[in-house]
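> below is the sequence, then the predicted model.
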Amino acid sequence: MSIIIDVASGGVRGGTSILYAATGETISERAGVINLGTEGSMLAGALAAYMVSSQTGNPWLGVAVGAFAGALISSVHAVLVVKRKANQFASGLAVLFLSLGLTSLFGSSYVGKTITPFTVWDVPLLSDIPWIGPILFQQDPLVYLSYLVVPLVWFVLFRTRAGLLVRTAGERSEALTVHGFSVQRVRMAAVIAGGVLAGVGGAHLSIAYTNSWFENMVAGRGFIAVALVIFASWSPLKVFGGAYLFGAALSLGPALQARGYEINQFALHVIPFVLTLTVLAALGRRTISAAPAELKRVFENAPPDP
């Protein structure tokens, strides 16, 4: 298998956890709430999925509990921001540190434990297609599920009444009030839905990608997911490209090392984050201008540049 296929296939697999989290964050931000605690929801989902998979041997049950854990963490952010009108950035960071502390406390006994993880499943016929097959159709079940979830979220946001309510909460919240809808309920539902998908992303990381649990294993992927939403102009479908690009950058190091290239591993680890910063710097304010109106107010309330 060529290094290109290796990196591309690894990009799909490595980017899937970020894809779930970024898709969930898109829902939240479309409703006008930015959630820097996405990393915390991913951590909670990763640990909960690993714990349940270890105890029951059922990875699907682990995913379900991981999704619930992600929703639980995000609900704290939803209450603080939507109900109590807390600063969105401060609340997100507080929720992240809460999750980091809780997962470190309850996850210590699961370091090194064995689980029944998801395994790679080749899709009949499709996996035999040259190039495309090894990249897209020789993956684990959660990768295949993401192929359906992301278009489904796009459809719900842009083609259904529920999606219209979410987008109106982010663009013209007063219009919801005029028509008798609760802005708070819509926003809380959007933030919690985002937490569900972030929890699934964390579950993929622990029981399908690394098949392990260790402290702070998400390692910044939640923040990358938040950045990718801006990179994708708040479109779920565009999140595909950003997530897989980051995943490819993650897989580049192992692919090179497997072929005997001697490259500093720390330099390889920093590539994905430098890549993300470069893309965001290139897009600049042009992308921010496409943000939902209510989200722009959040950005504008941030401390001004010195």
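That came through, no problem.
> hmm, Ala31 is touching Ala162, no?
No - taking contacts as CB atoms under 8 Å, Ala31 lies outside contact range of Ala162: 11.1 Å. In short, each C-beta sits where N, CA and C put it, glycine included.
> okay, those two: which has more neighbours?
Legend: neighbour count by other CB atoms under 10 Å for Ala31 and Ala162, higher for Ala31 (29 against 14).
> for the more buried one, what are its contacts?
With contact set as CB atoms under 8 Å, 6 or more residues apart in numbering, Ala31 has these partners: 166-167, 169-170, 186-187, 190-191, 292, 294.
> for the closest residue to Trp213 other than its chain neighbours, give me its contacts.
Closest residue to Trp213 apart from its sequence neighbours, by CB to CB, 6 or more residues apart in numbering: Tyr50 at 4.3 Å. If a contact means CB under 8 Å, 6+ apart, then Tyr50 has 62, 107, 110, 113, 115, 206-207, 212-213 as its contacts.
> top helix in this protein by residue count?
helix 3-30 (DSSP state H).
> what's the next secondary structure element after it?
Once the chain leaves helix 3-30, the next helix or strand it forms, by DSSP states H and E, is helix 38-56.
> list the buried residues of that following helix.
38-54 (16 or more other CB atoms under 10 Å).
> what about this protein, any weak spots by pLDDT?
Counting by pLDDT under 70, the chain contains low-confidence ranges at 1, 265, 280, 283-289, 302-306.
> and the helix or strand containing Phe97, what does it pack onto?
Assigned by DSSP H and E, Phe97 belongs to helix 88-107. With contacts defined as 3 or more CB pairs under 8 Å, 6 or more residues apart in numbering; DSSP states H and E, helix 88-107 has these neighbours: helix 38-56, helix 59-78.
> as CSV, those with distance to Gly11 would be great.
Output for the helices and strands packed on helix 88-107, formatted as CSV (distance: least, CB to CB, whole Å):
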stretch, distance to Gly11
helix 38-56, 19
helix 59-78, 22
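> so for Leu96, which of these sits nearest?
helix 38-56 (4.1 Å; CB to CB).
> distance between the closest one and the chain's centre?
Relative to the centre of its chain, helix 38-56 is centred 14 Å away, using CA atoms, centre = their mean, to the nearest Å.
> one more: stretch 17-28?
For stretch 17-28, the distance to the chain centre is 4 Å (CA atoms, centre = their mean).
> what about dumping the CA coordinates of that stretch to CSV?
Extracted in CSV, the C-alpha atoms of stretch 17-28 (Å, rounded to 0.1, in the frame of the first residue of the first chain):
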residue,chain,number,x,y,z
SER,A,17,-13.5,11.7,16.3
ILE,A,18,-13.0,15.3,15.4
LEU,A,19,-15.7,15.1,12.7
TYR,A,20,-18.3,14.0,15.2
ALA,A,21,-17.3,16.8,17.7
ALA,A,22,-17.1,19.5,15.0
THR,A,23,-20.5,18.4,13.6
GLY,A,24,-22.0,18.7,17.1
GLU,A,25,-20.3,22.1,17.6
THR,A,26,-21.8,23.3,14.3
ILE,A,27,-25.3,22.6,15.8
SER,A,28,-24.5,24.6,18.9
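> ok, Tyr209 - contacts?
13-14, 16-17.
> cool, Leu228 as well?
18, 22, 239, 242-243, 246, 276.
> try it again with 7 Å
By CB atoms under 7 Å, 6 or more residues apart in numbering, the contact set of Leu228 is 18, 22, 239, 242-243.
> out of the residues you listed, flag the one nearest to Val226.
Taking these together and measuring to Val226 by CB to CB, the closest member is Ala22, at 7.7 Å.
> follow-up on the earlier one: give me the distance between the residue nearest to Trp213 and Ile115.
From Tyr50 across to Ile115, the span is 6 Å (CB to CB, to the nearest Å).
> what is in contact with the two at once?
Common neighbours of Tyr50 and Ile115 (CB under 7 Å, 6+ apart) are Ile207.
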